[in-house]
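Chemist: Fold the following for me, if possible:
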Amino acid sequence: KHQQSYTRNTYSGNVNTVTNMVQYDSYLYSELSGKIKEKIDYVAGIGLTRVQVNQENAESLKNYFFQPRVRLRYHFNDASYLGLESRLNNRTPSLSQLSSVCQPIDSLQKQCGNPNLKSWFNSLTAVEYSYNAKAFNIKAKAEYQYMHKPVMEEKIRENGIFIHTYDNQKSRQRAGVELSVGYRPFGEYLMLNVTGGYSHFLSNGNRYRHAYNDFYHSENISLNYKHFSFTFMHYRGQNWFFGEGYEAAETIHIIDLTYTHPKFSAGISVFNPFTKTYKRDSENFSEIAPHQHTWYSNQVQGLAMLK
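Modeler: Alright, predicted model coming up:
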């Protein structure tokens, strides 16, 4: 596979600049799969990626990456298995991150790119257990993610001005566990599902070190009778920590009623009928320029959608 992209950023206001970038991605992949004694199935593959980024008035970024992947599953029986999956891939900085342009944010801050950024590696390893019976199912997962020298934010102070920029930091790690349980006491007529998870983030920068913990969960109830189905879903997503801060995930609940006919279907979904205020927040823990933002809206309570 070969992919070529062209990016053009136009900056206006206090700074009037145009930046261009051409990126070439070539990818070659080979995979082997099979079974061992009907109990173990496996998939093993390796890819070779060539990435070249050409930017005006800057040195070209050119790298070759091996991207291995392996997946193993041991089947205890037809209803359960234990699996292991591990993969390694690469990430490339964006044009805005690689640009040498500096834009004022206000009288005390400015945003700058860094043309010296390099690509980095990202690895993910996960262990999963699954059991699926007639009346209930369970899935448990533990995973570990490691990024080596990822491009993350960097804040410095020069001549009384706070400069927001990017750098290849030391590392970023995430360890998490998740458990999902489903229960069907009356077959397809009533289905209950609960999922809960925990993540621990460790962001290790050149000038900072942050640890962050987060719990997330979701609950789902579905009732089905003849042509009608009713679903209630509550969801609190996983906050994602990267660099020196996090952005909160959505916390929502939805009620859905659907009528299904062999030739058509119709229904209505209601978004957050029991919550007056929809809220999202973010927080940055920088030692020199911490900040917190909260976004509110009172216009989405009971928002209905016909389908």
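
Chemist: use CA for all of it now, contacts and neighbours both
Modeler: OK.

Chemist: Please name the nearest non-neighbouring residue to His234.
Modeler: His253 (4.2 Å; Cα to Cα, 6 or more residues apart in numbering).

Chemist: neighbouring contacts of the strand or helix carrying that neighbour?
Modeler: Under the criterion of DSSP states H and E, His253 resides in strand 251-260. The contact list for strand 251-260 (Cα atoms under 8 Å, 6 or more residues apart in numbering) reads 227-237, 265-273.

Chemist: Drop anything exposed from those residues.
Modeler: 229-237, 269-273 (16 or more other Cα atoms under 10 Å).

Chemist: Determine which two of these are furthest apart.
Modeler: Ser229 and Gly237 (24.6 Å; Cα to Cα).

Chemist: count of residues packed around the residue nearest to Trp240 when sequence neighbours are not counted?
Modeler: Nearest residue to Trp240, sequence neighbours excluded (Cα to Cα, 6+ apart): Tyr246, at 5.4 Å. Using other Cα atoms under 10 Å, Tyr246 is surrounded by 17 other residues.

Chemist: repeat for Asn298
Modeler: Around Asn298 there are 10 residues (other Cα under 10 Å).

Chemist: My understanding was that it contacts Thr277; is that so?
Modeler: Yes. If you go by Cα atoms under 8 Å, Asn298 and Thr277 touch, sitting 4.9 Å apart.

Chemist: follow-up on the earlier one: roughly how far does the residue nearest to His234 sit from Ser269?
Modeler: From His253 over to Ser269 the distance is 10 Å, taken as Cα to Cα, to the nearest Å.

Chemist: Then Val194?
Modeler: Separation of Val194 from Ser269 (Cα to Cα) stands at 21 Å.

Chemist: what's the nearest residue to His75 if we skip its chain neighbours?
Modeler: Tyr81 (4.2 Å).

Chemist: wait, what's in contact with that neighbour?
Modeler: Here Tyr81 is in contact with 73-75, 129-131 (Cα under 8 Å, 6+ apart).

Chemist: ok, what's across the strand from it?
Modeler: His75, Ser130 (DSSP bridges).

Chemist: contacting residues around Asp167?
Modeler: 114, 117, 150-154.

Chemist: Ser99 and Leu117 touch, don't they?
Modeler: No. If you go by Cα under 8 Å, Ser99 and Leu117 don't touch, sitting 9.7 Å apart.

Chemist: out of the two, which sits in the busier spot?
Modeler: Ser99 (24 against 19).

Chemist: State the pLDDT value of the more buried one.
Modeler: The score at Ser99 is 80. That number is its pLDDT.

Chemist: and it, what is it in contact with?
Modeler: Applying Cα under 8 Å, 6+ apart, the residues near Ser99 are 19, 112-115.

Chemist: Out of those residues, the closest to Gln67 would be?
Modeler: For these, the nearest to Gln67 is Pro115 (25.1 Å; Cα to Cα).

Chemist: From Lys279, how far off is the closest one?
Modeler: Pro115 is 36 Å from Lys279, by Cα to Cα.

Chemist: what about those two, which has more around it?
Modeler: Neighbour comparison, Pro115 and Lys279: the larger count goes to Pro115, with 22 against 15 (by other Cα under 10 Å).

Chemist: now the more buried one: how far from Tyr246?
Modeler: Taking Cα to Cα, one finds Pro115 at 25 Å from Tyr246.

Chemist: For Lys35, which residues are in contact?
Modeler: 41-42.

Chemist: Now the element after the host helix or strand of it, going C-ward?
Modeler: Element membership of Lys35 [criterion: DSSP H and E] is strand 17-36. Next along the chain after strand 17-36, taking DSSP H and E as the criterion, comes strand 40-55.

Chemist: got the CA coordinates for that next one in CSV?
Modeler: Extracted in CSV, the C-alpha atoms of strand 40-55 (Å, rounded to 0.1, in the frame of the first residue of the first chain):
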residue,chain,number,x,y,z
ILE,A,40,-4.7,-22.6,20.0
ASP,A,41,-5.2,-20.3,17.1
TYR,A,42,-2.6,-17.7,16.2
VAL,A,43,-2.0,-14.7,13.9
ALA,A,44,1.5,-13.3,13.4
GLY,A,45,2.4,-10.6,11.0
ILE,A,46,5.1,-8.0,10.3
GLY,A,47,4.9,-4.8,8.4
LEU,A,48,7.6,-2.5,7.0
THR,A,49,6.6,1.2,6.8
ARG,A,50,8.5,3.9,5.0
VAL,A,51,7.6,7.5,6.0
GLN,A,52,8.9,10.6,4.4
VAL,A,53,7.8,14.1,5.2
ASN,A,54,8.9,17.1,3.1
GLN,A,55,8.3,20.5,4.5
